[in-house]
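Enquirer: give me the fold of what follows.
(one chain, ligands or ions: 1)
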Amino acid sequence: MANRYEGDLIGKGLKFAVVVSRFNDLITMKLLEGARDALLRHGVNEDDIDVVLTPGCLEIPLMAKRLAQSTKYDAVVCLGAVIRGGTPHSEYVASEVNRGISKVSLDSGLPVLQGIITADNLEQAIQRAGAKEGNRGFAAAVNAIEMANLLKALQ
Ligand code: INI
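Expert: Purely as a prediction, here's the structure:
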């Protein structure tokens, strides 16, 4: 029988940093609520959650890198919202933030989870920030707990 490794969803004792962009804060503050709710409901202590605000999504990777390098956290959760059509360079912002977050995770060896919404319009973003399509912040935080525990299980 093969050995099987999975991360459980027990958050007690784990420490998280949540990086959230203020740009499109109507959406991103809902993502933050979702992430906080997920962490607390999975047993993470309120004092073990640090929230760091950036001006926009483009600044998230640098902040995530700094937090990952601090070695204080078991995982970093990144939250933001790119709404196409908002500005001409929204496509650039979307691809750079995704690329940057993935790089930080691979370079640091720490789970750095993406809860970045890329939407065509505000209505679509709302659907993904706590309406019909769930809350991306909640999902990213649950995945962060799972990945943090999976890495511990493999140690
Ligand atoms: N930042 C976002 O978080 N979402 C966006 O949709 C967005 N658009 O479309 O422009 C955005 N731009 C700001 C960017 O992240 C930087 O904060 C800014 O360019 C300063 O560096």
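Enquirer: how many neighbours does the closest residue to the ligand within the chain have?
Expert: Relative to the ligand, the nearest point of the chain is residue 56 (2.1 Å; C-beta to the nearest ligand atom). The C-beta positions use only the backbone N, C-alpha and C, and glycine is treated the same way. By other C-beta atoms under 10 Å, 16 other residues sit near residue 56.
Enquirer: ok, residue 78 next?
Expert: Neighbours of residue 78 (other C-beta under 10 Å): 33.
Enquirer: again, but for residue 81
Expert: Other residues near residue 81 come to 29 when the count uses other C-beta under 10 Å.
Enquirer: remind me which helix or strand it belongs to.
Expert: strand 75-83 (DSSP states H and E).
Enquirer: can I get the CA coordinates of the helix or strand just after that strand in CSV?
Expert: For strand 75-83, the following helix or strand on the C-terminal side (DSSP H and E) is helix 90-108. Extracted as CSV, the C-alpha positions of helix 90-108 are listed here (Å, rounded to 0.1, in the frame of the first residue of the first chain):
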residue,chain,number,x,y,z
SER,A,90,-5.5,45.7,-15.6
GLU,A,91,-4.2,42.7,-17.8
TYR,A,92,-0.7,43.6,-16.9
VAL,A,93,-1.6,43.9,-13.1
ALA,A,94,-3.4,40.5,-13.2
SER,A,95,-0.5,38.6,-14.9
GLU,A,96,2.2,40.2,-12.8
VAL,A,97,0.5,39.6,-9.4
ASN,A,98,-0.1,35.9,-10.3
ARG,A,99,3.5,35.4,-11.6
GLY,A,100,5.0,37.3,-8.6
ILE,A,101,3.0,35.3,-6.0
SER,A,102,3.9,32.0,-7.6
LYS,A,103,7.6,33.0,-7.6
VAL,A,104,7.6,34.0,-4.0
SER,A,105,6.1,30.7,-3.0
LEU,A,106,8.6,28.6,-5.0
ASP,A,107,11.6,30.7,-4.0
SER,A,108,10.7,30.7,-0.3
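Enquirer: what lines up beside the helix or strand that helix 90-108 is followed by in the sheet?
Expert: Per DSSP H and E, helix 90-108 leads on to strand 112-119 as the next helix or strand towards the C-terminus. Sheet pairing for strand 112-119, assigned by DSSP bridges, gives strand 75-83 (parallel).
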